[in-house]
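K.L.:
Pasted the sequence and its predicted model underneath.
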Amino acid sequence: FSVMASTTLLIPLKSGERSLEISAKDLPDPPTEVIEMLKSEGCSASVWLAVANAYLLLLRNPLCFEIVVQEGASHLSDVLLYNVHAVYCVLKAKECSTSSASQEMKHLEEWRKKGIAAVNAADRVDITSFTTWIAKGLLYLEKGDLIRAKDQFQGTLEVDQKHVGATLGMACFLLKSGKFQESMDMFATTMRNASEAGVKVPQAARMGIAVCAQSLGRTELAQKALECCLKEDPGYVEALAAMAVLKLNGGHVDEGMSLLKKAYTSFNGSGHPVVLNHLSNHFFFRGEGKKSQTYADRARSATSDERLRAESMYLLGRNFQKENRLDDAFNMYGVAARDWPTFPLAQYGLAQMYVHRGDYNKAIACFEKVLAVAPKNFESLRAIGSLLLKVGKKEQAAQYLKTAVEIRPDDPQACIDLAQTAHLPEKAQDAFD
């Protein structure tokens, strides 16, 4: 679905002997006149799409783009045009989910319904079309229905292993499933397939490699992928924000903040929720709690995406915990953990609040959820062992504490707790003494 637009449009006339040349800047708004011409001259779907792309990419007129695509699809009963409209609806739905929840949430379902209507219309024309399968997969992916999304992409790949849309969709499915190495391999396959097919390499593939590489601890590869993203599109907000984080983590504070500022202003002149959360995190570690809370609260209000909102809630909870506003922290961590159950930082914060309240069993359950994501997390292993000791379960405590001491045999508290279970190994004896 990579698209290009030309500043000069050639409209083949019905006679077949000549074409009408139109400058994109002269396209009418509304597009009624040009639509009637495309119909009367019997233009193909590719011509309709070229006109639509000119409206979207050159004139920045999404309304006219959508009108032309819908009219063309209906007039020609064309599968490609129906699916271009469906994918456009997916993008608009995603835009709603990362925009102001109060203003855009009501439009989210409208875009989803329009996307579904478009793929259903395409199905009525040709149920075997790969583009329809991919469009369906993207609709499912946007809604979070990963199994159905996978089925659509897999079905296409069983017939055409090098289909760019299918490999990209499968890579996104694997990423959302937490299979980072497999996902990165599939993103790389997408780039290779696109190059071989002579089509533009999707930016999502480069960004996907960056996310997977960082998740696998391969920071250098992540940075190279982000550099490629920004070379192609210097205003790519997500890439700017990700690069900023890498720079900040590497101690290049001025460079990181400069990138965050650019990302902040690149998103319609206001803050993208991803950027706002990063700013909140930055100011927290600088000890500027009020600024940190302000950015986190703005991020929470600026998106309906559950994971982004959960991250904002966690950031607010962390600030409240630091201020000893423990009831407020408990509430924020609780919402974050509910909306994103596999978010380990939210589960860890919530566990701490349960410990403070004396509810050790619930605290243990939260720490267990951290370990489900990060099995070697020392703090969670030690905490569970300590809590199990408090409730008299020494043998169970020993299992966790043994693992904790294997990771950090020089940690005094873990050694003291393990000694109480009579399972202290020799290599930890020095720390215990």
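P.N.:
Sure thing, it's come through. Numbering: from 1, shown residues only.

K.L.:
Show me the helices in the stretch 301-433 of the chain, by range?
P.N.:
Ranges of helices in the stretch 301-433 of the chain, per DSSP state H, counting those that start in this stretch, are 306-322, 326-339, 344-357, 360-373, 378-390, 394-407, 412-419, 429-432.

K.L.:
now those helices in CSV, with distance to residue 83 and mean neighbour count?
P.N.:
In this view, the C-beta of every residue, glycine as well, is placed from N, C-alpha and C. CSV is the format used below for the helices of the stretch 301-433 of the chain (distance: least, C-beta to C-beta, whole Å; neighbours: other C-beta atoms under 10 Å):
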stretch, distance to residue 83, mean neighbour count
helix 306-322, 27, 23
helix 326-339, 32, 20
helix 344-357, 38, 22
helix 360-373, 36, 18
helix 378-390, 46, 22
helix 394-407, 51, 20
helix 412-419, 57, 20
helix 429-432, 63, 14
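
K.L.:
Mean pLDDT lowest where, among those helices?
P.N.:
Across the helices of the stretch 301-433 of the chain, helix 429-432 has the smallest mean pLDDT, namely a mean of 50.

K.L.:
Turn the helices of the stretch 301-433 of the chain into CSV, columns for distance to residue 299.
P.N.:
Shown next, in CSV, are the helices of the stretch 301-433 of the chain (distance: least, C-beta to C-beta, whole Å):
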stretch, distance to residue 299
helix 306-322, 4
helix 326-339, 12
helix 344-357, 15
helix 360-373, 22
helix 378-390, 26
helix 394-407, 34
helix 412-419, 35
helix 429-432, 42
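
K.L.:
who's in contact with the closest residue in space to residue 356 that isn't next to it in sequence?
P.N.:
Distance criterion C-beta to C-beta, 6 or more residues apart in numbering; nearest residue to residue 356, sequence neighbours excluded, is residue 326 at 5.9 Å. By C-beta atoms under 8 Å, 6 or more residues apart in numbering, the contact list for residue 326 reads 320, 353, 356.

K.L.:
wouldn't the second one be in contact with residue 328 here?
P.N.:
No - here residue 353 lies out of contact with residue 328, judged by C-beta atoms under 8 Å, at a distance of 10.2 Å.

K.L.:
follow-up on the earlier one: closest to residue 141 out of the helices of the stretch 301-433 of the chain?
P.N.:
Among these, the nearest to residue 141 by C-beta to C-beta is helix 306-322 (14.1 Å).

K.L.:
on contacts alone, who are the packing partners of that closest one?
P.N.:
In terms of contacts (3 or more C-beta pairs under 8 Å, 6 or more residues apart in numbering; DSSP states H and E), helix 306-322 is packed against helix 273-285, helix 289-301, helix 326-339, helix 344-357.

K.L.:
ok, longest helix in this protein?
P.N.:
Longest among the helix segments of the chain by residue count, using DSSP state H, is helix 101-125.

K.L.:
what's the angle between it and helix 306-322?
P.N.:
160 degrees (axes from the mean of the first three to the mean of the last three C-alpha atoms, to 10 degrees).

K.L.:
and the angle for helix 101-125 with helix 273-285?
P.N.:
Using the same axes, to 10 degrees: helix 101-125 against helix 273-285 is 140 degrees.

K.L.:
which outside residues touch helix 101-125?
P.N.:
So helix 101-125 is contacted by 73, 77-79, 82-83, 85-87, 89-90, 92-93, 95-97, 129, 131-132, 135-136, 139, 142-143, 301-304 (C-beta under 8 Å, 6+ apart).
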